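Asks: sequence first, then the predicted structure:
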Amino acid sequence: MGIQLNTEFYNLIGQSEGILQVFDLVERAADSDSTVILSGESGTGKELIARALHHNSRRQSKGFVPVNCGAIPSELLESELFGHEKGAFTGAMQARIGRMELADNGTLFLDEIGDMPLTLQVKLLRVLAEGEIDRVGGNKPIKINVRFITATHCNLEEAIAAGKFREDLFYRLNVIPIVIPPLRERKSDIPLLVSHYLKHFNTLKGKSITGISDAAMEILCNYQWPGNIRELANFMERMVVLSTDPLLTPRDLPDKVMSNVPKETWEPLVQAETNETPAEYIRKTRGHAHYIGMPEEGINLKQMVEEFEKELIIEALEKTNGVKNQAATLLGLNRTTLVEKLKKMKIHRP
Ligand SMILES: Nc1ncnc2c1ncn2[C@@H]1O[C@H](COP(=O)(O)OP(=O)(O)OP(=O)(O)O)[C@@H](O)[C@H]1O
Ligand SMILES: [Mg+2]
């Protein structure tokens, strides 16, 4: 893959144009000590890339200190970052070192920087400009030598326009921007990631799934992946754990995937691979879905009911060799109602 990164611990996977550009930037920026700002949707690998930057820099033997600015209540964030002196506020029985000092000579990873309150943004600006921090309640500045990496899933330029983010801070942070594209824009990485996680979870869970069928892979490549690589990893874990067959097929794919990939994409694939009619396929799959109960991520009732309806209509047509009069009788419908439904559901010939 032409990337000379030290990725032993940070198995960065990808071969798409989009991710190779990211790897290239990582390689060039890692040891520069310059401030990097990572942006990308949830689960695209921002933290992994931040760690790769640190581990490919000469700071690698020092600390990599992550702070999620969105997860720490804003009233606590200042002392978390800057530390405090004894008696700085009620309850401060002892002096405490903050994460900035912990990251001295190493890397501080400020995740969800867009959530940092404006008051702290001013203080961060000062650290970046002067390389000094003030502990809460302290009266002498402390010199620190920290490399800053920040990440955001929101658009900071919009936050600036809305008055929620300081423009001057943005320019300080935005020295080397790295944008990680969402997985749906780098489809050629999907098969690599699937086989990586298949191996990974086989080992972890003591299973021996041998592979995934072409149809199932094609469906995964057509899914939109709103949760990106984290979502893919979760689905792979679920499939490896639940599958009783050595080969993963569309039947093993989560409902969420099947119901969000257009039917026109997968119906012909399934039929070619399983030799089952859509009705048989849906019937067996539904039995399976029944067996595992209501999936964690819930269902789309309207869609499920429509699918059930479609399944019964296709079954009736199959039973009657496509004779609509007879199929309508089996379904207790008027012929015209059935014909309307067929048109609406785009059922042509079973
Ligand atoms: N290129 C990649 N190769 C292999 N694994 C990856 C890659 N990118 C991300 N991952 C894995 O995907 C998961 C999510 O990555 P990470 O936590 O870095 O994403 P994130 O962008 O920080 O997400 P969030 O915005 O939700 O915090 C992790 O388990 C990570 O190891
Ligand atoms: Mg993250």
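Replies: Right, received. Where do you want to start? Residues are numbered from 1 along each chain as shown. Ligands and ions are numbered 1, 2, ... in the order given.
Asks: what about the residue in the stretch 151-300 of the chain positioned nearest to ligand 1, neighbour count?
Replies: Ranked by CB to the nearest ligand atom, the top residue of the stretch 151-300 of the chain for proximity to ligand 1 is I229, at 3.6 Å. Heads up, the C-betas are built off the backbone N, CA and C, glycines and all. A count of neighbours around I229, defined by other CB atoms under 10 Å, yields 22.
Asks: quick check: phi and psi at it.
Replies: phi -70, psi -30 (degrees, to the nearest 10).
Asks: which stretches of the stretch 201-350 of the chain have low pLDDT?
Replies: Confidence mapping of the stretch 201-350 of the chain against pLDDT under 70 gives the ranges 278-279, 282-295, 349-350.
Asks: now with 80?
Replies: Within the stretch 201-350 of the chain, the stretches falling below the threshold (pLDDT under 80) are 274-300, 303-304, 307-308, 347-350.
Asks: write out the residues of it neighbouring ligand 1.
Replies: Residues of the stretch 201-350 of the chain lying close to ligand 1 (CB under 6 Å from any ligand atom) are 229-230, 233.
Asks: which pLDDT value belongs to whichever residue of the chain sits closest to ligand 1?
Replies: Nearest residue of the chain to ligand 1: G45, at 2.6 Å (CB to the nearest ligand atom). For G45, the model assigns a pLDDT of 95.
Asks: likewise K86?
Replies: Note on K86: pLDDT of 89.
Asks: so how far is A92 from it?
Replies: Distance of K86 to A92, computed by CB to CB, to the nearest Å: 6 Å.
Asks: same deal with L312?
Replies: Using CB to CB, one gets 68 Å for the distance from L312 to A92.
Asks: ok, G106 - contacts?
Replies: Shown in contact with G106 (CB atoms under 8 Å, 6 or more residues apart in numbering): 54, 59, 62-65, 146-147.
Asks: kindly recompute the last result at 10 Å.
Replies: Under the criterion of CB atoms under 10 Å, 6 or more residues apart in numbering, the neighbours of G106 are 54, 57, 59-65, 145-147.
Asks: of the residues you listed, closest to Q15?
Replies: Q15 lies nearest to H54 out of the contacts of G106, by CB to CB, at 23.7 Å.
Asks: secondary structure class for that closest one?
Replies: Under DSSP: H, G, I helix; E, B strand; the rest coil, the three-state class of H54 is helix.
Asks: what's the local residue count around it?
Replies: Once other CB under 10 Å is used to define contacts, H54 is seen to have 24 neighbours.
Asks: that one reaches N105, doesn't it?
Replies: No - under the criterion of CB atoms under 10 Å, H54 is not in contact with N105, lying 11.7 Å apart.
Asks: intersection of neighbour lists for those two?
Replies: With the criterion set as CB under 10 Å, 6+ apart, the overlap between the contacts of H54 and N105 is 62-63, 147.
Asks: adding secondary structure, write those out as TSV.
Replies: Conversion of the shared contacts of H54 and N105 to TSV gives the following (three-state DSSP):
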residue	secondary structure
K62	coil
G63	coil
R147	strand
